[in-house]
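Quick one, what's the 3D model for this:
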Amino acid sequence: NKKNHVLIFIFLLFCSITFSFVIIFVGPAPALSVLMLMVAVPVIISVIAYPKFGLIVLMILAYLLFIIMRLGPSGVPLGTMMDGMLALLIMGFFLKKKYNPDWSLYKNPVSIVITIWIFYNIMQVANPTAESREAWLYTVRSMAFVTLSYYLFLYHIKSREYLRIIFKIWMGLSVFAALYAVKQEYLGFFAFEERELADPKIAALYFINGAWRKFSIFSDPVAFSYNMVVSSIFCICKVLGKASPRSKIIYTSMCTLFLTAMLYSGTRSAYVLVPAALFLYICMNITTRIVITAVVGGILFLGIINMPTGNPTLYRFQTAFKPSGDASYSVREENQKRVKPYILTHPFGGGLGASGMWGVKFAPHSFLAQFPPDSGYYRVAVELGWVGLFLFCSLIFLVLKQGITNYYRIRDPELKTYCLAMTLIVFAIN
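Residues are numbered from 1 along each chain as shown. Have a look, this model is predicted:
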């Protein structure tokens, strides 16, 4: 009624005047903190009450996390806030399971191995060969805690409509990220990005052959390129599946945008992933038409990677398929040979976070701190041992096996396309 409207107006007017005085006499920090609290409380309540909404918020934040951190005030623990949101979702999930203890959905090989993988990573805190427990604390989040989201998505994705919403939001975020990279390529970086690139260590990694590697809204060019790869694979599957001409035009346009943006990242390891995914697609759908198309496409592709060019982006793309002539590839091979004896003699590895950034920070004089983990498989092998590597490879094998099996079993064209896309993505990334 009108009386309530007047009261709400008076309350909002009072809040705005109060915020204005606080900003003038105290500064913007307290006012911003209160505003963030006003937003955070309803979001937290919504995440607990509506977990499907919470999963979407989590996905959006995962995409926008680093651009928000670059734009926002320093020291805001956005990563910790995301961990807290995931923890709330997990708590809500287990509370529901307490009153409805039906675990039949998780009695499958993939879920069992994921559970073993999570517990194995947690148990690494007691690894006797680990040089630092602090490194484990910082690494277990990405290796185990985030993996718990598998149970959440498996539990809450129960309808085709919700699945469509997730994919539409994913494609929308990917388009935004790709256009942002195009802006970086042709219009340059923003001032806050240039301040980050002024660091000599970052410049040494990002400035290659006279051109800056683009990272878009992500933490680095590698993360950006892999996101473009998986998005383009999804679009390819939608184009190859049963869809309306309008949808195929839209997904073809998005795929072209994603692949172009991927080239701007300068990440050679990403360039080979789309051809790898297409190879599995051909194996899963062998027909005369597809084989002829693949042969013609392969000839054109060989022409592209062998043609002379002065374009630094295209040249870097070509070198991804000629690793033997690349100096960095030779250095990587030597590093991997150096750690092979360590892997063979340490079945449980040197502990989570023993190599790379966290190893350098928490155990700089250790053997593994000097090893750059350029390969995900080698990182798993040195940190979790050959036992951990076996677990990881078993997980990937089971996911691919289940994906391929389901692809041939599913009769619904839309769900079949989704299954194919996810299977090709897992194959390409791993």
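
and the next element down the chain from the helix or strand bottoming out on mean pLDDT in the chain?
Least confident element among the helices and strands of the chain, by mean pLDDT, DSSP states H and E: helix 28-49 (a mean of 70). For helix 28-49, the succeeding helix or strand toward the C-terminus, using DSSP states H and E, is helix 51-71.

Quick one, grab the pLDDT at Asn121.
At Asn121, the model reports a pLDDT of 92.

Ok, Glu134 next?
On pLDDT, Glu134 comes in at 85.

can you check Phe189 too?
At Phe189, pLDDT is 90.

For it, grab phi and psi.
Here is the backbone geometry of Phe189 (degrees, to the nearest 10): phi -90, psi 160.

again with Ile208
According to degrees, to the nearest 10, Ile208 has phi -120, psi 130.

For Lys214, see how far away it is.
From Ile208 across to Lys214, the span is 11 Å (Cβ to Cβ, to the nearest Å). Yep, even glycine has a C-beta here, placed from its N, CA and C like the rest.

With Lys416 instead?
34 Å.

So which of these two has more stuff around it?
Lys214 (25 against 18; other Cβ atoms under 10 Å).

can you map out the strands along this structure?
Using DSSP state E, the strands of the chain run over 207-208, 211-212.

possible to save the ones you listed as TSV with mean neighbour count, distance to Arg164 and mean pLDDT?
Shown next, in TSV, are the strands of the chain (neighbours: other Cβ atoms under 10 Å; distance: least, Cβ to Cβ, whole Å; pLDDT from 0 to 100):
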stretch	mean neighbour count	distance to Arg164	mean pLDDT
strand 207-208	14	39	84
strand 211-212	17	37	86
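
Which of these sits closest to Gly54?
strand 211-212 (36.5 Å; Cβ to Cβ).

For the closest one, which strands pair with it and how are they oriented?
strand 207-208 (antiparallel) (DSSP bridges).

ok, and what's touching the partner strand?
Arg213, Gly266, Pro312, Arg316 (Cβ atoms under 8 Å, 6 or more residues apart in numbering).

7 Å instead, please
Here strand 207-208 makes contact (Cβ atoms under 7 Å, 6 or more residues apart in numbering) with Gly266, Arg316.

And for stretch 118-136?
Contact with stretch 118-136 is made by 140, 143-144, 147-148, 346, 348, 350-354, 358-359, 362-363, 366, 384, 388, 391, as judged by Cβ under 7 Å, 6+ apart.

mind checking how far that stretch is from the chain centre?
With Cα atoms, centre = their mean, to the nearest Å as the basis, stretch 118-136 stands 24 Å off its chain's centre.

same check, this time on stretch 394-410
Per Cα atoms, centre = their mean, the centroid offset for stretch 394-410 relative to its chain is 21 Å.

Give the buried residues for that stretch.
Of the residues in stretch 394-410, Leu395, Leu398, Val399, Leu400, Gln402, Gly403, Ile404, Tyr407 count as buried by neighbour count, 16 or more other Cβ atoms under 10 Å.

Could you give the average pLDDT over that stretch?
Computed over stretch 394-410, the average pLDDT equals 95.

Kindly provide the distance from Thr115 to Leu395.
Separation of Thr115 from Leu395 (Cβ to Cβ): 11 Å.

To Phe176, which of the strands of the chain lies closest?
Of all the strands of the chain, strand 211-212 sits nearest to Phe176, with 20.0 Å by Cβ to Cβ.

Contacts for that closest one, please.
Tyr206, Pro312, Thr313.

so where's this protein shaky on pLDDT?
Scanning the chain for pLDDT under 70 picks out 1-5, 26-37, 72-78, 323-329.

circling back to that earlier point, just checking, which of the contacts of strand 211-212 belong to helices?
Among the contacts of strand 211-212, the residues falling in helices (DSSP state H) are Tyr206, Pro312, Thr313.
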